[in-house]
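# sequence and predicted model, in that order:
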Amino acid sequence: MAMVETLTFENFEVTVIRSSRRKTAVIKVDLEGVSVRVPADLPLARIEKLVAEKTVWIERKLAEAERKQRGIAEQAEQNSTLADGSRIMVQGQHLPLRLIESDHMRVVRTSDRLEVYADGDVLGDTEQVRALVEQWLYGRAVEELNFCVNVYKQRVGATPSRIQIKDYRARWGSCKPDGSIQLNWRLIHAPMHIMDYVVVHELCHLLEMNHSKRFWSEVERVEPQYKMKRQWLRDNGWQLSF
Ligand SMILES: [Zn+2]
């Protein structure tokens, strides 16, 4: 049987959940708020001190959760409409979409926007505009990812038997025992240094088919900042669609 108490701090409240089965304290921060699970007999003053020591971490986690929720809401809204002014992330840059009437259908990236030229009927249909933009992004992805593999295969010291650009929902890349690598075209949304990291990661699997210490030291040799980039993908991966 768990007992519930609440601790109030300057910027947040903490739900205390006592349990006779617990031996240690664990703080959890998510969209529901902050909670701390503690052993049944831990004095409240001790719990307060424990939480106070973690204030910076808790506030950072709360801000993160909020950002994530806001992002998901914005994303859902953007997905429903793709109109003039909608923003599309291309290689880390949020480019506004410009829909321009023209008989010559094409997509053009300028320094600060993405222009879609098509006739009025097409421009008035979100799905057709989306298809045009996606086709363009896919083409860019094929070009950039191939280029990227060519640059990094020398540095890694491994050449894939084949490069396939795939439409994955939940992974950035993969590597098969036949020496081929697969890369997600949605990486075209990510900043270039993130794309680099994913390419290096998959190329390193040609040397080490696992996530062992040796694998990560190969990655680190070519990408000393790989930890930061992995974290970026964990934090922003959900943004990489439009
Ligand atoms: Zn891997």
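Thanks, I have the structure now.
# which element is the residue nearest to residue 12 when sequence neighbours are not counted on?
Closest residue in space to residue 12, ignoring its immediate chain neighbours: residue 34 at 5.3 Å, by Cβ to Cβ, 6 or more residues apart in numbering. All C-beta spots, glycine's among them, are computed from the backbone N, C-alpha and C. Taking DSSP states H and E as the criterion, the element that holds residue 34 is strand 33-39.
# buried set for the very next helix or strand once past that strand?
Downstream of strand 33-39, the first helix or strand assigned by DSSP H and E is helix 44-53. Within helix 44-53, the residues scored as buried using 16 or more other Cβ atoms under 10 Å are 47-48, 50-51.
# likewise for stretch 133-147?
Of the residues in stretch 133-147, those buried under the neighbour-count criterion (16+ other Cβ under 10 Å) are 133-134, 136-137, 140-141, 144-145.
# how far does it sit from its chain's centre?
Centroid separation for stretch 133-147 versus its chain: 18 Å, with Cα atoms, centre = their mean, to the nearest Å.
# coming back round to it: look up the residues forming beta bridges with the residue nearest to residue 12.
Counting by DSSP bridges, residue 34 forms beta bridges with residue 14, residue 29.
# next step: the buried residues of stretch 133-147 restricted to helices.
133-134, 136-137, 140-141, 144-145 (DSSP state H).
# for those residues, which one is nearest residue 126?
Distance to residue 126 across these (Cβ to Cβ) is lowest for residue 133, with 10.4 Å.
# what's the separation between the closest one and residue 117?
Counting by Cβ to Cβ, to the nearest Å, the gap between residue 133 and residue 117 amounts to 12 Å.
# between those two, which contacts overlap?
Overlap of the contact sets of residue 133 and residue 117 (by Cβ atoms under 8 Å, 6 or more residues apart in numbering) consists of residue 107.
# before we move on, back to that, TSV please, covering the buried residues of stretch 133-147 and showing pLDDT.
Output for those, formatted as TSV (pLDDT from 0 to 100):
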residue	pLDDT
133	95
134	93
136	97
137	96
140	97
141	97
144	97
145	98
